[in-house]
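K.L.:
The sequence isn't on hand, but the structure is:
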Ligand SMILES: NC(=O)c1ccc[n+]([C@@H]2O[C@H](COP(=O)([O-])OP(=O)(O)OC[C@H]3O[C@@H](n4cnc5c(N)ncnc54)[C@H](O)[C@@H]3O)[C@@H](O)[C@H]2O)c1
């Protein structure tokens, strides 16, 4: 089977494409390279363009009639940018996704796996969230993801479309063969900021130490990007058992069932690197929350998925990739 991957030149989409290739599922990638990297698709079936470009999607399906499903990773995914320019985020993430659905249905592609996000969940005292937890997205970016989910659910109930929304928690690490990894040099992700501080001999700021967590620092659920990629392979293989004619829209958390605080992440990081990270504790950033971790029972039940790779492995792979990325992408 072939699978259309939108955003397949990005961090997660390229890793999913590698996992597909490893098991003879052929990825056909569409990416406008707005943030994605040509180096990640050089040796892959690749179309440069926008997901809302109907004639291009028609051409892809006419050249690859074996495409049986679409994995929709393409999106703008930077929270602070979305606060600065919400119009662009709604236009790109919501408007273009809607056009894409039209193009997919016209071409008879009725299976959609959607890159959703844990950021759609509201703050919860319990810290653990399952798929039934309240959806209360805080940023424009998170609201575009929640809006897409609602939109897809409505469309699936009244069209041949069936949708599996995979709600990623906090991806870390890289493809274990280091074919691809995080390509953006400055992300707001905690581990990326830690690595940048350590490589540049800077001080890493722990923002907030008065949250209602074990040690007061914020909590996240770090899941290895290769584990995420494997979940997509399982989802492709079992799509028709998970999304049935009766249950046309399904949402599944992809996380580890375990939260890690920022202080715990610093400790885990220091066990991996030869010299300790310099750390300073500062006040909370406006808008930040204590965080959450995933109940991942449903992923095990419906996909047979559970994460295999440890936090330490994720830190090691992120560090290895940060060295390798200079070779693959140049000094960016
Ligand atoms: N990285 C995270 O922490 C995280 C967490 C949860 C969910 N997600 C979701 O996972 C998906 C992938 O995220 P990522 O971290 O790999 O980001 P990324 O920026 O590396 O990848 C997104 C890719 O989509 C492409 N793209 C964007 N708009 C496009 C369009 N209109 N047409 C074609 N291509 C387009 C970009 O060029 C890029 O290659 C996104 O949907 C994001 O919302 C990411």
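P.N.:
Cool, the structure landed. Nothing here was measured: the structure is a model prediction, and the numbers come from that model. Numbering: from 1, shown residues only.
K.L.:
Who are the contact partners of residue 97?
P.N.:
Counting by CB atoms under 8 Å, 6 or more residues apart in numbering, residue 97 makes contact with 51, 72, 75, 148, 151, 152. (Glycine included, C-beta is placed from N, CA and C.)
K.L.:
Next to the ligand, which bits of the stretch 151-300 of the chain? Give me the list.
P.N.:
Applying CB under 6 Å from any ligand atom, we find that the stretch 151-300 of the chain lies next to the ligand at 168, 170, 171, 189.
K.L.:
redo that, cut-off 8 Å
P.N.:
With CB under 8 Å from any ligand atom as the criterion, the stretch 151-300 of the chain comes near the ligand at residues 167, 168, 169, 170, 171, 182, 183, 184, 187, 189.
K.L.:
partners of the fifth one in the sheet?
P.N.:
Residue 171 has the following beta-bridge partners by DSSP bridges: residue 223.
K.L.:
when you give positions from now on, start the count at 9
P.N.:
With 9 as the first residue, the last one maps to residue 179.
K.L.:
so who does it touch?
P.N.:
19, 20, 230, 231, 232, 233, 236.
K.L.:
circling back: in JSON lines: the contacts of residue 105, plus secondary structure and pLDDT.
P.N.:
Putting the contacts of residue 105 into JSON lines (DSSP: H, G, I helix; E, B strand; the rest coil; pLDDT from 0 to 100) gives the following:
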{"residue": "59", "secondary structure": "coil", "pLDDT": "98"}
{"residue": "80", "secondary structure": "strand", "pLDDT": "98"}
{"residue": "83", "secondary structure": "coil", "pLDDT": "98"}
{"residue": "156", "secondary structure": "helix", "pLDDT": "98"}
{"residue": "159", "secondary structure": "helix", "pLDDT": "98"}
{"residue": "160", "secondary structure": "helix", "pLDDT": "98"}
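K.L.:
could you pull out the strands for the stretch 9-158 of the chain?
P.N.:
Using DSSP state E, counting those that start in this stretch, the strands of the stretch 9-158 of the chain run over residues 10-14, 34-39, 53-56, 75-80, 119-125, 136-137.
K.L.:
Would you confirm that residue 293 contacts residue 219?
P.N.:
No. Residue 293 is beyond contact range of residue 219, at 11.8 Å (criterion: CB atoms under 8 Å).
K.L.:
pLDDT score assigned to the residue of the chain positioned farthest from its centre?
P.N.:
Each residue of the chain has a distance to the centre, and by CA atoms, centre = their mean the biggest one is for residue 283: 30.3 Å. Residue 283 carries a pLDDT score of 96 in this model.
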